[in-house]
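> whatever this is, show me its structure:
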Amino acid sequence: MNALVLYDSLGGNTEKVARRIHDTLTAGGVASELIKVAEDTELDMYAYDILCLGSPVIAWGPTNNMRDFVMKKLRAYHKDHIKPSAPLRPGKFAISFCTYSGTHIGEMEATPLTKWFSAFTAHLGCQILGEWNVVGEFHNMEDVNVNGRLGDIRGRPNDADLLEIENRVKGLLAGIAAWKG
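Next up, the predicted model:
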């Protein structure tokens, strides 16, 4: 089994989560690639059994690089790979994740992004295993980190947040192993 952890990160929050997902997959015996998306990123999403897509939340969506990558792949796969009704492809799984500050409306700021990633990977025929919204420190505006709806988010994602991600990945791997029999 192999996995792709494809992410973008602007201030380091999402990279911390992506690295923990990657490290946990690797420790669990999964061949995992960790790739930070760039303008010239080229890869075949169908070459992986587990897709993990992540980005910081920017106005309820992904970064420009991640949005452009996903839309390019959607257009490229639409003709030959994406079928009407998007049937599941056996053994293909996906996880959507993001980091967010939620200073104004809390987790509702993150939900549209992970749903968007899940819709993309569902079009590819993946079974969606999780949508993980992880609190991240807001960079360059310290007062936002203590005065927002989530309370004091300085230093997030912290060790407890990352341990929760690690445990979620371990649980998913155990579920996949049980499913495979």
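> longest helix anywhere in this structure?
helix 159-180 (DSSP state H).
> mind listing what's buried along it?
Within helix 159-180, the residues scored as buried using 16 or more other CB atoms under 10 Å are Asp161, Leu162, Ile165, Glu166, Arg168, Val169, Leu172, Leu173, Ile176. Heads up, the C-betas are built off the backbone N, CA and C, glycines and all.
> excluding chain neighbours, what is closest to the fourth one?
Just to be clear, that refers to Glu166. Leaving aside its sequence neighbours, Glu166 sits nearest to Thr24 (CB to CB, 6 or more residues apart in numbering; 4.8 Å).
> so which elements touch the strand or helix carrying the one you found?
For Thr24, the host element (DSSP states H and E) is helix 13-27. Where contact means 3 or more CB pairs under 8 Å, 6 or more residues apart in numbering; DSSP states H and E, helix 13-27 is packed against strand 2-7, strand 31-36, strand 50-56, strand 93-100, strand 127-135, helix 159-180.
> closest to Ala18 among the buried residues of helix 159-180?
Closest approach between these and Ala18, by CB to CB: Ile165, at 9.5 Å.
> for burial, what's the neighbour tally of the closest residue to the closest one other than its chain neighbours?
Nearest non-adjacent residue to Ile165, counting by CB to CB, 6+ apart: Arg20, 4.9 Å away. Neighbour count for Arg20, taken as other CB atoms under 10 Å: 21.
> do the same with Leu53
28.
> once you drop chain neighbours, what's closest to it?
Leu53 sits nearest to Phe117 (CB to CB, 6+ apart), 4.5 Å away.
> please tell me how far the one you found sits from Arg149.
Phe117 sits 23 Å away from Arg149, taking CB to CB, to the nearest Å as the criterion.
> the more surrounded of these two?
Comparing Phe117 with Arg149 by neighbour count (other CB under 10 Å), the higher total belongs to Phe117, at 26 against 14.
> against which helices or strands is the one helix or strand that one maps to packed?
Phe117 is located in helix 111-123, with elements delineated by DSSP H and E. For helix 111-123, the packing partners by 3+ CB pairs under 8 Å, 6+ apart come out as strand 50-56, helix 64-78, strand 93-100, strand 127-135.
> possible to save the ones you listed as a markdown table with mean pLDDT and distance to Ile35?
Converted to a markdown table, the helices and strands packed on helix 111-123 look like this (pLDDT from 0 to 100; distance: least, CB to CB, whole Å):
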| stretch | mean pLDDT | distance to Ile35 |
| --- | --- | --- |
| strand 50-56 | 98 | 10 |
| helix 64-78 | 96 | 10 |
| strand 93-100 | 97 | 14 |
| strand 127-135 | 97 | 18 |
